[in-house]
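In: okay, predicted coordinates and the sequence, questions at the end:
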Amino acid sequence: MDPSQKLVAVKKCHVTDHVEHPRLQHEACALVLLQGHRAIPHVYAWGKSQFYEYLALELLDTVLSDLKGKLTLRNLAAIAHEVLEGLRFIHSHGIVHCDIKPANLMFGLVGAEPSRVRIIDFGICRPFRDPVTSVHRPDVGTPQSIGTEGYMSLNGHLHHSPWRRDDVESLSYVMLSLMASRLPWDARGKPRDRLSSRGSYALKKQWTGARLAGDLSVFGAFVDYARRLEYAQELDYGRWKEHFRALAQGTSDASDSDPLYDPLDTASGASVVVDADFELPEDVYRLALADPSGGDSDTVLPQSKTPPSLKGSLGRWRPAYTWEMAVPVEDDELLGDECEIVRTRLDAVDAVPEGQGYYLEPSCPPEVMRPALMKNPTAEWEKDSSKIGGAINSKESRPPLGELPL
């Protein structure tokens with residue numbers, strides 16, 4: 001490979017010229033603001049055409065969802081320690097992630113700190129402090145639940161405004177999933193799609209960390225700690241990092257350095273979870289199937305409102321396959337002047353990545369990137385329909401990063 005080029009990952013999201021705050025631009029802004037910490041992936045460039053946004057990111061390797069049920073106790077503790085430190089850093093910038101789950105945690109490539117966990121997918125993150133005044137925002141609630149249902153906090157089910165406690169509670173559920181390859185409220189061997197959101201919430205609410213014994217009791221206590229936190233209550237990141245550090249060092253690592261995931265640590269085998277301790281009783285699950293409240297008549301979840309949709313014309317967009325429509329970023333999700341932050345801090349994807357024409361019907365007009373500084377892109381885009389190559393336009397005097405492999 002040419003040393004002037006860098007192999008990167010590229011995210012792609014549908015957008016139109018009528019969207020004021022695009023979703024991937026929001027994610028790009030979050031990554032720009034969080035650059036410099038080992039848990040945050042490098043971000044290189046962002047750009048949009050009349051049909052799609054493109055975000056160039058650090059190429060990563062293994063996703064943690066592939067390691068469910070395969071981790072030793074030491075590696076479980078090391079991962080918990082590292083992700084919690086990443087969340088501490090994210091929260092110190094007034095941002096909550098809102099979707100912590102195994103699929104959003106990855107390791108780097110060989111040669112790029114492969115034992116370091118990266119936190120990815122900041123598309124639905126939001127500020128819990130005002131970006132201008134830094135004043136903590138009140139709990140005004142949300143029109144929809146935010147995040148992935150299985151890993152969502154109890155307060156998330158109830159549509160409370162996201163806070164630091166919710167990310168930490170989601171992390172506690174991630175650790176349960178990694179140690180047992182499932183969540184207790186999934187009910188082993190049962191199809192999850194038979195459970196309503198209300199039933200899932202009822203099962204989750206009935207499970208407590210006190211069910212875990214022995215060395216795994218630390219993870220159970222972490223679940224209960226996160227659930228006890230009040231809105232806006234300060235978190236004791238340091239104390240829990242020490243708990244996880246001690247658990248990792250007490251098994252095989254006697255050093256004073258932060259414990260890291262070790263892919264070669266298989267001597268002790270995967271951590272063992274006793275089903276009787278981990279699973280909810282079968283009759284509890286059956287009750288949740290028959291009665292979504294789980295027998296708790298006071299369980300009433302707010303009804304989610306339909307998210308806002310893309311407004312205006314789709315610009316003769318004719319995709320050649322099914323494409324999920326993006327949800328525009330609302331004002332209360334903004335991390336500042338996101339357009340200006342991205343424009344001034346990131347390189348620009350100024351040409352359509354190669355091969356993208358395959359994803360559009362022949363009747364669709366050619367996809368053309370919007371210049372970052374263009375005031376009226378809708379009126380101007382037809383003036384230059386020849387820029388279809390796949391380049392990143394660097395703001396610095398260095399060579400471009402090169403083509404964007406998909």
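Out: Yep, it's here.
In: contact partners for I90?
Out: 34, 39-40, 96-97, 119, 125, 167 (Cβ atoms under 8 Å, 6 or more residues apart in numbering). For glycine as for every other residue, the C-beta is placed from the backbone atoms N, C-alpha and C.
In: try it again with 10 Å
Out: By Cβ atoms under 10 Å, 6 or more residues apart in numbering, I90 lies in contact with 30, 33-34, 37, 39-40, 96-97, 100, 119, 122, 125, 164, 167.
In: again with L334
Out: L334 sits in contact with 21, 26, 29, 126-127, 131, where contact means Cβ under 10 Å, 6+ apart.
In: take the residues you listed and keep only those in strands.
Out: 126-127 (DSSP state E).
In: highest neighbour count among the contacts of L334?
Out: Ranked by neighbour count under the definition other Cβ atoms under 10 Å, those are headed by C29 with 27 neighbours.
In: need the pLDDT of that one.
Out: Here the pLDDT value assigned to C29 is 98.
In: wait, G357 sits on P319?
Out: No: applying Cβ atoms under 10 Å, one finds G357 not in contact with P319, separated by 11.7 Å.
In: which of the contacts of L334 sits closest to F278?
Out: Using Cβ to Cβ, R126 is the member of the contacts of L334 that lies nearest F278, at 32.4 Å.
In: bridged to the closest one, which residues?
Out: Bridge pairing for R126 (DSSP bridges) gives the partners V96.
In: okay, it and H26: tell me how far apart.
Out: 9 Å (Cβ to Cβ, to the nearest Å).
In: now do the shared contacts for these two.
Out: Common neighbours of R126 and H26 (Cβ under 10 Å, 6+ apart) are 329-330, 333-335.
In: so where's this protein uncertain?
Out: Counting by pLDDT under 70, the ranges of the chain that qualify are 1-4, 187-194, 251-256, 267-270, 272, 291-299, 372-406.
In: which parts of it are strands?
Out: Going by DSSP E, the chain shows strands at 8-14, 43-48, 52-58, 60-63, 95-96, 105-108, 117-119, 126-127, 347-349, 392-393.
In: R227 is nearest to which of those?
Out: strand 95-96 (16.4 Å).
In: which helices and strands sit right next to the closest one?
Out: Under the contact criterion of 3 or more Cβ pairs under 10 Å, 6 or more residues apart in numbering; DSSP states H and E, strand 95-96 touches helix 23-34, helix 73-92, strand 126-127, helix 164-180.
In: follow-up on the earlier one: closest to Y151 among the contacts of L334?
Out: For the contacts of L334, the nearest to Y151 is R126 (16.8 Å; Cβ to Cβ).
In: tell me the contacts of the residue nearest to Q249 when sequence neighbours are not counted?
Out: Excluding its sequence neighbours, the residue lying closest to Q249 (Cβ to Cβ, 6 or more residues apart in numbering) is P259, at 6.7 Å. Residues in contact with P259 (Cβ under 10 Å, 6+ apart) are 74-75, 77-82, 115, 241, 244-249, 251-253.
In: now H91
Out: So, once contact is read as Cβ under 10 Å, 6+ apart, H91 ends up touching 97, 128-129, 163-165, 167-168, 235, 237.
In: if we use 7 Å, what do you get?
Out: Contacts for H91 (Cβ atoms under 7 Å, 6 or more residues apart in numbering) come out as R164.
In: cool, the one 10 residues further on as well?
Out: For K101, the contact set (Cβ under 7 Å, 6+ apart) comprises 148, 151, 170, 174.
In: mind doing that once more with 8 Å?
Out: By Cβ under 8 Å, 6+ apart, K101 lies in contact with 65, 147-148, 150-151, 170, 174.
In: from those residues, which two are the most distant?
Out: S65 and G147 (15.3 Å).
In: chain neighbours aside, what residue packs nearest to the residue positioned nearest the centre of the chain?
Out: Residue closest to the mean C-alpha point of the chain, counted by Cα atoms, centre = their mean, is D121 at 3.7 Å. Distances taken as Cβ to Cβ, 6+ apart put N104 closest to D121, at 4.6 Å, once the chain neighbours are dropped.
In: go on, G220?
Out: In this structure, G220 finds its nearest non-sequential neighbour in G209, 2.9 Å apart by Cβ to Cβ, 6+ apart.
In: repeat that for V8.
Out: A56 (4.6 Å).
In: what's the answer for A180, then?
Out: V273 (4.4 Å).
In: off-centre distance for stretch 111-121?
Out: Per Cα atoms, centre = their mean, to the nearest Å, the displacement of stretch 111-121 from the mean C-alpha position of its chain is 14 Å.
In: tell me which residues of it come out buried.
Out: 117-121 (16 or more other Cβ atoms under 10 Å).
In: ok, and what's touching that stretch?
Out: 27, 38-41, 57-58, 60-61, 64, 79, 82-83, 86-87, 90, 97, 99-100, 104-108, 260-263.
In: and those, which are buried?
Out: Using 16+ other Cβ under 10 Å, the buried members of the contacts of stretch 111-121 are 27, 39-41, 57-58, 60, 64, 79, 82-83, 86-87, 90, 97, 99-100, 104-108, 260-261.
In: ok, back up a step: reformat the contacts of L334 as CSV; add distance to K70.
Out: Formatted as CSV, those follow (distance: Cβ to Cβ, whole Å):
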residue, distance to K70
H21, 40
H26, 34
C29, 35
R126, 33
P127, 36
P131, 40
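In: report the two of the contacts of I90 separated the most.
Out: L33 and I100 (18.0 Å).
In: just the buried members of the shared contacts of R126 and H26?
Out: Buried members of the shared contacts of R126 and H26, counted by 16+ other Cβ under 10 Å: 329, 333-335.
In: pull the most distant pair out of these.
Out: V329 and L335 (9.4 Å).
In: between the two, what contacts are shared?
Out: Taking Cβ under 8 Å, 6+ apart as the contact rule, V329 and L335 both touch H26.
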